[in-house]
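Asks: just to be clear, the model below is a prediction. Sequence and coordinates:
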Amino acid sequence: MPSNFNVKEVQWFIQNQGPKSKIYIGCDSSLYRKNEKFYADYVSVVVIHKDAKHGCKIFGKVETEPDYSKNLKLPRLRLMNEVYKATSLYQELALAIGDKECQIHLDINSDEKYNSSIILKEAIGYVKGVTGIEPKTKPYSWAGVKAADYLVRGGA
């Protein structure tokens, strides 16, 4: 798992990048069972594409929380928690981001054959309402789908 980043460190890093730098924010979770209880590891990521051409810096943080969605058969609780965490992270970084391009990537599929589609409208509405940003969803949400997923599965 990645070590948890300090928000001030991320803010400083963003502020010290050129105006063409792009910021991508996403979150993914992994559900597991321990001692007959369910937990979820939430990995939030901030990917900073330096001047949109000089490579990326990735910051990740992990939060472990009890998960009640499995017992209640309500996957929307965990999925919306991912949305909330990505949106909250944007709010913490908004002043540092300033006029730089920023995207919020959600690990949600618009295709109804996938379970995550059950919260598509609510998730998009929440992000737009809180941040003013139209979020990206699968297959265009690589920060939430690939970067956070890689870290939540123990890739770094």
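Replies: Structure's in. What do you need? Residues are numbered from 1 along each chain as shown.
Asks: so where's the chain uncertain?
Replies: Scanning the chain for pLDDT under 70 picks out 1-3, 70-74, 147-156.
Asks: where do the helices of it begin and end?
Replies: 7-15, 69-72, 75-97, 120-131, 142, 148-152 (DSSP state H).
Asks: from Phe5, how far off is Trp12?
Replies: The span separating Trp12 from Phe5 equals 11 Å under the rule CB to CB, to the nearest Å. All C-beta atoms are positioned from the backbone trio N, CA, C, and that covers glycine.
Asks: go on, Val45?
Replies: Distance of Val45 to Phe5, given as CB to CB: 9 Å.
Asks: next one: Ala40
Replies: In terms of CB to CB, Ala40 sits 19 Å off from Phe5.
Asks: who's more crowded, these two?
Replies: Ala40 (21 against 16; other CB atoms under 10 Å).
Asks: so the more buried one touches Leu79, yeah?
Replies: No. Contact criterion CB atoms under 8 Å: Ala40 and Leu79 do not qualify, at 10.4 Å.
Asks: what residues do these two have in common as contacts?
Replies: Common contacts of Ala40 and Leu79 (CB atoms under 8 Å, 6 or more residues apart in numbering): none found.
Asks: including mean neighbour count and distance to His54, could the helices of the chain go into TSV?
Replies: Formatted as TSV, the helices of the chain follow (neighbours: other CB atoms under 10 Å; distance: least, CB to CB, whole Å):
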stretch	mean neighbour count	distance to His54
helix 7-15	15	13
helix 69-72	14	40
helix 75-97	18	18
helix 120-131	16	26
helix 142	17	18
helix 148-152	23	21
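Asks: redo those helices as TSV? Include distance to Gly26.
Replies: Listed next are the helices of the chain as TSV, based on distance: least, CB to CB, whole Å:
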stretch	distance to Gly26
helix 7-15	14
helix 69-72	19
helix 75-97	6
helix 120-131	11
helix 142	8
helix 148-152	5
